[in-house]
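# Pasting the sequence and the predicted coordinates here, then a few questions.
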Amino acid sequence: MLRQPVGVWVAALIAVITLTGTLLSIPHPARAADGVCGAGSLKRAKVSASLKLDDRSRTQTKLVSRLTIEVPDSWPYATDLLLGENSEGHRRAMRCLLRGDGRQAQWWAEWRAAEPRVNSVKGAVRIRTDTYGWADAQGTFYIGPWDVSIGKNHWTAALNMPLLAGPAGPP
């Protein structure tokens, strides 16, 4: 037989329910690999990407990327981009556009000074995101849509946006 007052058990049960509800309401990572990014609807998307290498006599080189994507409003997730930044729809749409299917989930060497800018334009939604990172050794760095490889004698930068490249992938 339980010797604790009923009030203690009720308080404990309320605490567990509250904690469980809090844990369930934590946003989970959006997943683009769910096969529903609707790449076929992005054939009319407009993309502009730039990469700037800025060393300014430092021992590290700052890699600065600017990516602008204009998606047609016919893309299934176009209106989700206009939702709040923490909504599942917004995060899924951004992940589809910025990471695509199969890209690494964590970008340890990439930073943003601000959240991506999203606005509605006639017949489309425009997203602009600025990212940067620091290159200080040989290897590959992922900055925005760019894969920057630093070798012993030369650097290469490859634009890597498989979702927007279509079914054949990047050229």
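Thanks, I have it.
# make it CA atoms for all contacts and neighbour counts henceforth
Fine.
# among the helices and strands of this protein, which one scores worst on average pLDDT?
helix 6-24 (a mean of 46; mean pLDDT, DSSP states H and E).
# Which helix or strand lies directly C-terminal to that helix?
Sequence order places strand 46-54 as the next helix or strand after helix 6-24, per DSSP states H and E.
# From the contact counts, what lies against that next one?
Packed against strand 46-54 by the contact rule (3 or more CA pairs under 8 Å, 6 or more residues apart in numbering; DSSP states H and E) you find strand 61-72.
# Show me what counts as buried in the strand it packs on.
By 16 or more other CA atoms under 10 Å, the buried positions in strand 61-72 come out as 61-72.
# Same check on stretch 139-159?
For stretch 139-159, using 16+ other CA under 10 Å, the buried residues are 140-146, 148-150, 159.
# same check, this time on stretch 89-98
For stretch 89-98, burial by neighbour count (16+ other CA under 10 Å) applies to 89-98.
# Out of those residues, which sit inside strands?
Nothing among these maps onto strands, per DSSP state E.
# Just the ones in helices from those residues, please.
Counted as lying in helices by DSSP state H, out of these, are 89-98.
# neighbours of the residue nearest to Ile150 when sequence neighbours are not counted, just the number please.
Setting aside the residues directly before and after it, Ile150 is nearest to Gln138 in space (CA to CA, 6 or more residues apart in numbering), at 4.8 Å. Neighbourhood size, Gln138 [other CA atoms under 10 Å]: 13.
# residues contacting Gln138?
Contacts for Gln138 were tallied using CA atoms under 8 Å, 6 or more residues apart in numbering; they are 149-152.
# before we move on, back to that, greatest separation within the buried residues of strand 61-72: which pair is it?
The most widely separated members of the buried residues of strand 61-72, counting by CA to CA, are Thr61 and Pro72 (35.6 Å).
# Any regions of this structure where pLDDT drops low?
Scanning the chain for pLDDT under 70 picks out the ranges 1-36, 100-108, 162-171.
# 80 instead?
Residues of the chain meeting the criterion pLDDT under 80: 1-36, 38-41, 57-58, 99-109, 161-171.
# Now do the end-to-end distance for stretch 78-93.
Stretch 78-93 has its terminal residues 7 Å apart, counting by CA to CA, to the nearest Å.
# For beta bridges, what are the partners of the nearest residue to Leu53 once chain neighbours are set aside?
For Leu53, ignoring the flanking residues on the chain, the nearest one in space by CA to CA, 6+ apart is Leu63 at 5.0 Å. Applying DSSP bridges to Leu63 gives these bridge partners: Leu53, Gly133.
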